[in-house]
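J.: got a predicted model here, sequence first, then my questions.
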Amino acid sequence: MKALYTILLLVVSNVFMTFAWYGHLKLQQMKLISSWPLWLVIIFSWGIALAEYSCQIPANRIGFIDNGGPFTLMQLKVMQEVITLIIFTVFTTVFFRGEALHWNHLAAFGCLVLAVYFVFMK
């Protein structure tokens, strides 16, 4: 169950992270925050990032092998990167319609999936 909790928390964390890092760009495009000064956008994003950290830290603690979890630090990091890429891809294709996936993006995704395979290899 610790593996499942870790992965679920990483997914939730990355949803918040993606909105914190890139959501303000969509809000700016929609003219909702286009007049906000940069410092206010940063504080807004930090508020979202607080939710991200509230999931990321427990995910790492629950999942880390030295805390009784099933994953090494390398495994946690590589899983997090792949989850980030998946969430970012969905976010980009749903919210930013002008962005398109190309063959080289898919090739890069394949390399990251191979990274997950190799990091879990004994």
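T.: Structure received. Numbering: from 1, shown residues only.

J.: could you look up the SS state of residue 6?
T.: helix (DSSP: H, G, I helix; E, B strand; the rest coil).

J.: ok, it - contacts?
T.: 59, 60, 62, 63, 69, 70, 71, 76 (C-beta atoms under 8 Å, 6 or more residues apart in numbering). Every residue, glycine included, has its C-beta placed from N, CA and C.

J.: same thing but 7 Å
T.: 59, 62, 63, 69, 71 (C-beta atoms under 7 Å, 6 or more residues apart in numbering).

J.: got it, and residue 95?
T.: Residues in contact with residue 95 (C-beta under 7 Å, 6+ apart) are residue 26.

J.: how much space between it and residue 75?
T.: 30 Å (C-beta to C-beta, to the nearest Å).

J.: with residue 82 instead?
T.: 11 Å.

J.: cool, and residue 94?
T.: 29 Å.

J.: higher neighbour count, those two?
T.: Ranked by neighbour count (other C-beta atoms under 10 Å), residue 94 and residue 75 place residue 75 first, with 18 against 10.

J.: quick one: classify that one as helix, strand or coil.
T.: Counting by three-state DSSP, the backbone at residue 75 sits in helix.

J.: ok, for it, nearest residue in space, not its chain neighbours?
T.: The spatially closest residue to residue 75, leaving aside those adjacent along the chain, is residue 119, at 5.4 Å (C-beta to C-beta, 6 or more residues apart in numbering).

J.: what's the local residue count around residue 31?
T.: Per other C-beta under 10 Å, the neighbour tally for residue 31 reads 8.

J.: ramachandran coordinates for it?
T.: phi 70, psi 20 (degrees, to the nearest 10).

J.: and residue 50, its phi and psi?
T.: Torsion angles, degrees, to the nearest 10, at residue 50: phi -60, psi -40.
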